[in-house]
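>>> below: sequence and its predicted model.
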Amino acid sequence: MPENPTVLMIEDELPIRRFLKPSLQSHDFKVLEAVTGTEGLALATSHNPDIILLDLGLPDMDGLEVLKRLREWTPTPIIVITARDKEKDKIAGLDAGADDYLTKPFDVGELLARIRVALRHAQRVKQGGKQDPVFETPDFKVDLSARVVTVRGKEVHLTPNEYDLLAFLIRHAGKVVTQKQILQEVWGPASGDQVQYLRIYVYQLRQKIEADPDRPRYILTESGVGYRLKAD
Amino acid sequence: MNSGSRPSSLLISYLISLLTVALCTGVSWLLFSHVDLSNLIMVYLLGIVALSYWQGTGPSVWGSFLSVLAFDFFFVPPRFTFAVADAQYLLMFLAMLAVGLAISSLAARVRRQVEKNQQAQVQIEAERLRSSLLSSISHDLRTPLAAITGSTSSLLEDGEALEPATRRDLLENIYDESERLSRLVTNLLEMTKLEAGSVPLHREMHHMGEIIGSAISRLEKKIQGHLLTTQIPPDLPLVPMDGLLMEQVVINLLENALKYAPEKTPIHLSAGVEGDRLAVRVADRGPGLPLEDLNHLFEKFYRGAQREKHSGAGLGLAICKGIVQIHGGTIGAKNLTTGGAVFEVFLPLEKNPAKPD
């Protein structure tokens, strides 16, 4: 993780910038501000920030368009900020290459957590995608090389589908993943309409891993968008 | 009021006129030998009053004409003919007809007036409801705003002079009230959309257990201090529903239970298949539902007898009902014999996909 990461904030609303900038700066981020999509694209090109916050509701161009243009040349992590009730926007953003999303109104704490996860993930990818062979949480442990899953001390058997799903979630730990992403990466491009099976697998996985499957602590549903494996 | 819009009821009304006039004729026949001819007119006029009261303007006008004819035929000499022996009887007929028509028209006017009064009453009621709703929403919006403005201005004015604990308390107050405001705005928007019918339903096959779990995790903070238990069979079939909307329903029901159930008391969420429906229940051990609230629980803005103690605009349950209904389901509430209340949602099942693996 860079010492003082640079964050490019593409946000047109002053009241939002007014609290975001000081909060980010107090957490040792260098902050670049852009108030339009055009300005944002220009600053991204000239300064190559470590992470980009992109509000999808921009005045001069469609936020998704900015996202797509950025993704044409940079793998920099991008977190999109959307209004409530715009699930379609969130999914579109994530599918177009955003790493995560935030819904207004949001907590600064939430934002910082997602920024950290995105930066960590980007770092790992930069280092060749090398992953710790063992993924561990207080409740369960997964040895990715041996394909062994231990839940609260006892080894648990997962079906191949359940394991693949869990491994995928671990590879993206902390980040949100859309249903489409899961289906495509785990089951291949022909699986578009298998969403309901995905739900069943997630449910079965929760039954085996979570202490209280009805109140999951790790495998979280992001309503209307997808899932997130909480690693901390 | 009988406007005779359907042909058959029209025919029946006019038949009744005929019968009424026949009845009056019968009564007059009995009185014929005992009273003056002019008194018999009263009998017919009574008949016309009855007709205009119970049958309407048309039949009573018809009855007026029939009455004159019957009176002429049966009682005015020469009897059993339509001829008249004396021209002054014509005056009698005229008077009778005039009075009969006057009664009909007066009765019609009274009817119209009554209708207008009823409508005015309904409008007054609606007006009253609207202004009380507006003042209620206004109050619910202004209260958190007042708290936020007050707390922030206090921090700006005296920030340095205040104790850190006090400063923190003020800031938390601002945060809590902002959340409340946010919730209220969301509810108002949701309710408006539901009313306008502009809520698109994105139906997919969902596992109710997942939706319940999602709802619970969203309310995690508020659940602290309560004993929340769940009972969801793992083999619950998938049901077609809009996941986000149904999650909102569960959240609203759960928030409701959390509001009214005292701390440390249990709240129980359950789901299961009952016949051809999926049942979801939220039960608490709170004070239960007052009888006078039971019929109004799911009405917009209804806040129940406990309105002073609890905040919120009374939209949560109305939103639940709206969402459940567009899913083709039903929602209800009742008191438990063991104390507390239970809210039940029923959704229609549909053939679910064969389970894989």
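Structure received.
>>> what about the most centrally placed residue in chain A, distance to A:Tyr203?
Nearest to the mean C-alpha position of chain A, by Cα atoms, centre = their mean, lies A:Lys175 at 2.9 Å. When distance is defined by Cβ to Cβ, to the nearest Å, A:Lys175 is 21 Å away from A:Tyr203. The way it works is simple: take the backbone N, C-alpha and C, and place the C-beta from them, glycine included.
>>> please apply the same query to A:Arg171.
With the distance defined as Cβ to Cβ, A:Arg171 ends up 21 Å from A:Tyr203.
>>> past the helix ranked longest in chain A, which element shows up next along the chain?
Counting by DSSP state H, the longest helix found in chain A is helix A:108-126. Per DSSP states H and E, helix A:108-126 leads on to strand A:134-136 as the next helix or strand towards the C-terminus.
>>> in its sheet, which strands sit next to that next one, and in what direction?
Using DSSP bridges, strand A:134-136 pairs in its sheet with strand A:140-143 (antiparallel).
>>> which residues in the chain form helices?
Unless you meant another one, I'm taking chain A. In chain A, the segments counted as helices under DSSP H are A:14-26, A:37-47, A:63-71, A:87-95, A:108-126, A:160-171, A:179-182, A:195-209.
>>> oops, chain B please
For chain B, the helices defined by DSSP H occupy B:7-31, B:37-54, B:57-74, B:88-158, B:164-196, B:208-218, B:220-223, B:243-260, B:316-326.
>>> among the ones you listed, which comes closest to A:Asn4?
Closest approach to A:Asn4 among these (Cβ to Cβ): helix B:164-196, 27.4 Å.
>>> so what does the lowest-mean-pLDDT helix or strand in chain B touch, helix or strand wise?
The weakest-scoring helix or strand in chain B, judged by mean pLDDT, DSSP states H and E, is helix B:220-223 (a mean of 83). Judged by 3 or more Cβ pairs under 8 Å, 6 or more residues apart in numbering or on different chains; DSSP states H and E, the packing partners of helix B:220-223 are helix B:243-260.
>>> can you give me how far the helix it packs on is from the chain middle?
Using Cα atoms, centre = their mean, to the nearest Å, the distance from the centre of helix B:243-260 to the centre of the chain it belongs to is 23 Å.
>>> alpha carbons only: can I get that helix in PDB?
Output in PDB follows, covering the C-alpha atoms of helix B:243-260 (Å, rounded to 0.1, in the frame of the first residue of the first chain):
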ATOM      1  CA  GLY B 243     -36.200  -9.500  -3.200                       C
ATOM      2  CA  LEU B 244     -35.600  -5.800  -2.400                       C
ATOM      3  CA  LEU B 245     -39.300  -5.100  -1.800                       C
ATOM      4  CA  MET B 246     -39.900  -8.100   0.300                       C
ATOM      5  CA  GLU B 247     -36.800  -7.300   2.300                       C
ATOM      6  CA  GLN B 248     -38.400  -3.900   3.000                       C
ATOM      7  CA  VAL B 249     -41.500  -5.700   4.300                       C
ATOM      8  CA  VAL B 250     -39.500  -7.800   6.700                       C
ATOM      9  CA  ILE B 251     -37.500  -4.800   7.800                       C
ATOM     10  CA  ASN B 252     -40.600  -2.800   8.500                       C
ATOM     11  CA  LEU B 253     -42.300  -5.600  10.400                       C
ATOM     12  CA  LEU B 254     -39.100  -6.200  12.400                       C
ATOM     13  CA  GLU B 255     -38.700  -2.500  13.100                       C
ATOM     14  CA  ASN B 256     -42.200  -2.400  14.300                       C
ATOM     15  CA  ALA B 257     -41.700  -5.300  16.700                       C
ATOM     16  CA  LEU B 258     -38.500  -3.700  18.000                       C
ATOM     17  CA  LYS B 259     -40.300  -0.500  18.600                       C
ATOM     18  CA  TYR B 260     -43.000  -2.000  20.700                       C
END
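>>> tell me what angle it forms with helix B:164-196.
Going by axes from the mean of the first three to the mean of the last three Cα atoms, to 10 degrees, helix B:243-260 is angled at 130 degrees with respect to helix B:164-196.
>>> circling back to that earlier point, for the least confident helix or strand of chain B, which positions count as buried?
Using 16 or more other Cβ atoms under 10 Å in any protein chain shown as the test for burial, helix B:220-223 gives B:Ile223.
>>> can you list the residues that contact that helix?
Contacts with helix B:220-223, where a contact means Cβ atoms under 8 Å, 6 or more residues apart in numbering or on different chains, come from B:216, B:255, B:258.
>>> ok, and which of these reach chain A?
B:Ile216 (Cβ under 8 Å from any Cβ of the partner chain).
>>> buried subset of the contacts of helix B:220-223?
Neighbour counting over the contacts of helix B:220-223 (16+ other Cβ under 10 Å) leaves B:216, B:255, B:258 as the buried ones.
>>> now render the residues you listed as JSON lines, adding distance to B:Leu244 and pLDDT.
Output for these, formatted as JSON lines (distance: Cβ to Cβ, whole Å; pLDDT from 0 to 100):
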{"residue": "B:Ile216", "distance to B:Leu244": "15", "pLDDT": "90"}
{"residue": "B:Glu255", "distance to B:Leu244": "16", "pLDDT": "90"}
{"residue": "B:Leu258", "distance to B:Leu244": "21", "pLDDT": "88"}
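>>> Provide a list of residues in contact with the nearest residue to A:Ile115 once chain neighbours are set aside.
Leaving aside its chain neighbours, A:Ile115 sits nearest to A:Ile51 (6.0 Å; criterion: Cβ to Cβ, 6 or more residues apart in numbering or on different chains). Neighbour list for A:Ile51: A:5-8, A:76-79, A:115, A:118-119, A:122 [criterion: Cβ under 8 Å, 6+ apart].
>>> also B:Val84?
B:72, B:76-77, B:90.
>>> repeat for B:Pro262
B:Pro262 makes contacts with B:Gly286, as judged by Cβ under 8 Å, 6+ apart.
>>> quick check: residues of chain B near chain A?
Counting by Cβ under 8 Å from any Cβ, the residues of chain B close to chain A are B:178, B:182, B:186, B:189, B:204-207, B:209-210, B:212-214, B:216-217, B:228, B:230, B:232, B:234, B:238, B:243-244, B:247, B:269, B:353, B:355-357.
>>> low-confidence ranges, chain A, go.
Along chain A, segments meeting pLDDT under 70 span A:1-2, A:84, A:191-193.
>>> near chain B, which residues of it show up?
Checking chain A against chain B by Cβ under 8 Å from any Cβ, the hits are A:84-85, A:87, A:105, A:159, A:161, A:195-197, A:199-204, A:206-207, A:212-216, A:220-221, A:223-224.
>>> pLDDT weak spots in chain B?
B:1-8, B:303-313, B:351-357.
>>> gap between the residue lying farthest from the centre of chain A and A:Arg147?
Distance from the C-alpha centroid of chain A peaks at A:Lys154, with 29.9 Å (Cα atoms, centre = their mean). As judged by Cβ to Cβ, A:Lys154 and A:Arg147 stand 16 Å apart.
>>> so what touches stretch A:94-108?
Counting by Cβ under 8 Å, 6+ apart, A:16, A:19-20, A:23, A:54, A:64, A:67-68, A:70-71, A:77-84, A:90, A:93, A:110-111, A:114, A:117-118, A:121-122, A:175-178, A:180-181, A:225-226, B:178, B:182 sit against stretch A:94-108.
>>> list the buried residues in that stretch.
By neighbour count with 16+ other Cβ under 10 Å, stretch A:94-108 contains the buried residues A:94, A:96-103.
>>> what's the most distant pair in these?
A:Gly97 and A:Thr103 (18.7 Å).
>>> re the thing from before, and which of the contacts of helix B:220-223 is nearest to B:Gly329?
When the contacts of helix B:220-223 are compared against B:Gly329 (criterion: Cβ to Cβ), the nearest one is B:Glu255, at 19.6 Å.
>>> and the closest one, what does it touch?
B:219, B:222, B:316.
>>> cool, and A:Leu41?
A:66, A:69-70.
>>> what's the answer for B:Asp276, then?
By Cβ under 8 Å, 6+ apart, the contact list for B:Asp276 reads B:348-349.
>>> which phi and psi does it have?
phi -100, psi 20 (degrees, to the nearest 10).
>>> and B:Phe75, by the same measure?
The phi and psi values for B:Phe75, taken as degrees, to the nearest 10, are phi -120, psi -30.
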